[in-house]
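Undergrad: Kindly generate the corresponding structure for this input.
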Amino acid sequence: MKKLMHIFALAMAVLAVASLAACSSTQFASHPPDDASLTTHVKARLAGDRDMTGSDIDVAVKDRLVTLSGTVLSQKVDQEAVNVAGQTDFVRGVIDHLKVEGQRG
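TA: All right, here's what the predicted structure looks like:
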């Protein structure tokens, strides 16, 4: 009985992960999202990226063009944020106004 419960729990976990993966890649499959939905989606992707920890990133979207502003801890994190935003479905471009903490500009 314990083995059956373990197999069931494992199957449910695999199903949950597969469902989440499918949702993230097909969330906007039927039509392009409005700017507010796209803003929410980009923010969620950035929040889910552990490299963004300690960063303060604002996201604005107009006509599917994403503008990132705020501060990040390094140039590497800046580039990662631009990549994450740019690889989001339906984003047509990214404007990078991020500042690296401790750098003047």
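
Undergrad: Let me see the contact set for residue 81.
TA: Contacts for residue 81 (C-beta atoms under 8 Å, 6 or more residues apart in numbering) come out as 46, 49, 52, 55, 57, 68, 72, 96, 98. For glycine as for every other residue, the C-beta is placed from the backbone atoms N, C-alpha and C.

Undergrad: Quickly note the distance from the spatially closest residue to residue 54 that is not a sequence neighbour to residue 79.
TA: Closest residue to residue 54 apart from its sequence neighbours, by C-beta to C-beta, 6 or more residues apart in numbering: residue 73 at 5.2 Å. Using C-beta to C-beta, to the nearest Å, residue 73 is found at 12 Å from residue 79.

Undergrad: Please apply the same query to residue 69.
TA: As judged by C-beta to C-beta, residue 69 and residue 79 stand 15 Å apart.

Undergrad: which neighbours does the helix or strand residue 68 falls within have in its sheet, and in what orientation?
TA: Per DSSP states H and E: residue 68 is located in strand 65-72. Note on strand 65-72: by DSSP bridges, its sheet partners are strand 56-62 (antiparallel), strand 93-100 (parallel).
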